[in-house]
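> Here is my input, please return the structure:
(one chain, ligands or ions: 2)
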Amino acid sequence: MTFCEKTWARTAALLDAIHTHPFNAALGEGTLDRDRFAFYLVQDGRYLVAYAKVLATASARATDPADAAFFAQSAHTALVVERGLHAGYLGEFGLTAEQTGQIATSPTCLAYSSYLQAAALSAPLPVLAAAVLPCFWVYQDVGTALLARTSGAADHPYRTWISTYADPGFAASVEQAKAVVDRLAELADPGTRQAMEEAFCRATEYEWMFWDSAWRMESWPTARWLT
Ligand SMILES: Cc1ncc(CO)c(N)n1
Ligand SMILES: Cc1ncsc1CCO
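Residues are numbered from 1 along each chain as shown. Ligands and ions are numbered 1, 2, ... in the order given. Predicted coordinates:
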């Protein structure tokens, strides 16, 4: 079994919890309320800007030029998605930059972004590569599952979002990311391999938490004491 196959199998129950989470169930049904989706998009826009910088750092740190090119390309795509998809939906919802600016970055969004940024600066490159993989893989998995459920509906409010992650081009980038991680895992010593597995699992936990925090429209419990 490859590193990716083994680690994906280890997260099976967590992945199932992601697929059946009320946020994703409602997203697939098209019944997710706009406030929750807009909240998600605002958080995700901030997450993707941080994520793109993490990928750019992975590119800078990669020793293999092909890996460096892959991470740089992915950083670019993440920013293009952020600017297109997010700005498109928020514009459609009539939300101005001033309004979205008033939404605080949630504790979970900050935690996930900070975790990846810390890995970018201080984890061994194979561990960093494993930490950024669930972002690709989980979204592709969720996107394709949702597309299968929505293809019957003529008019679906979240079809553009779903199509982005169910896109064959995105699936190809997921395969590339898995290939990079599998190759780095094969070359890694057992301790590094263990740290890669922990990073993959932790990032997948954050993926579940990200959906859950959007569903709850998570805020800071301490906000009331600051003006
Ligand atoms: C939280 C999160 N994970 C993964 C992706 C995929 O890009 C995303 N947009 N947001
Ligand atoms: C992981 C990821 N998420 C949005 S874009 C991107 C890079 C894939 O090309």
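> Go through the helix or strand bottoming out on mean pLDDT in the chain and flag the buried ones.
Ranked by mean pLDDT, DSSP states H and E, the helix or strand of the chain with the weakest confidence is helix 87-92, at a mean of 89. The neighbour-count check on helix 87-92 (16 or more other C-beta atoms under 10 Å) flags 89-90 as buried. (C-beta placed from N, C-alpha, C; glycine too.)
> Just the CA trace of the very next helix or strand once past it, in CSV.
Per DSSP states H and E, the first helix or strand lying C-terminal to helix 87-92 is helix 97-101. Provided in CSV are the C-alpha atoms of helix 97-101 (Å, rounded to 0.1, in the frame of the first residue of the first chain):
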residue,chain,number,x,y,z
ALA,A,97,-16.0,44.3,0.8
GLU,A,98,-17.0,46.6,3.7
GLN,A,99,-19.6,44.1,4.9
THR,A,100,-17.4,41.1,4.6
GLY,A,101,-14.6,42.9,6.3
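> Give me the residue at the spatial middle of this structure.
Cys135 (3.4 Å; C-alpha atoms, centre = their mean).
> Please report how far the nearest residue to it once chain neighbours are set aside lies from ligand 2.
Closest residue to Cys135 apart from its sequence neighbours, by C-beta to C-beta, 6 or more residues apart in numbering: Tyr51 at 6.3 Å. Taking C-beta to the nearest ligand atom, to the nearest Å as the measure, Tyr51 falls 7 Å from ligand 2.
> Spell out which residues of this protein are next to ligand 1.
Within the chain, the positions adjacent to ligand 1 are 44, 47-48, 135, 139, 207, 210 by C-beta under 6 Å from any ligand atom.
> Derive a PyMOL selection command for the buried subset of the residues you listed.
The buried residues among the residues of the chain next to ligand 1 can be selected in PyMOL (16+ other C-beta under 10 Å) with this line:
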select buried, resi 44+47+48+135+139+207+210
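> Among the residues of the chain next to ligand 1, which lie within helices?
44, 47-48, 135, 139, 207, 210 (DSSP state H).
> Can you sort out which of the residues you listed also neighbour ligand 2?
Counting by C-beta under 6 Å from any ligand atom, the members of these near ligand 2 are Cys135.
> Need the ones in helices among the residues of the chain next to ligand 1 in TSV (columns: pLDDT).
Formatted as TSV, these follow (pLDDT from 0 to 100):
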residue	pLDDT
Asp44	96
Tyr47	97
Leu48	96
Cys135	98
Tyr139	97
Glu207	98
Phe210	98
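> re earlier: ok, now which ones touch the residue nearest to Cys135?
Tyr51 makes contact with 78, 113, 116, 132, 135, according to C-beta atoms under 8 Å, 6 or more residues apart in numbering.
> Now the two most distant members of the ones in helices among the residues of the chain next to ligand 1.
Taking C-beta to C-beta as the measure, these span a maximum distance of 13.4 Å, between Leu48 and Glu207.
> quick revisit: would you mind pulling up the elements that the least confident helix or strand of the chain packs against?
Applying 3 or more C-beta pairs under 8 Å, 6 or more residues apart in numbering; DSSP states H and E, one finds that helix 87-92 contacts helix 34-61, helix 159-166.
> weakest of these by average pLDDT?
Among those, helix 159-166 carries the lowest mean pLDDT, at a mean of 92.
> From the chain's centroid, how far away is that one?
Put simply, helix 159-166 sits 14 Å off its chain's centre (C-alpha atoms, centre = their mean, to the nearest Å).
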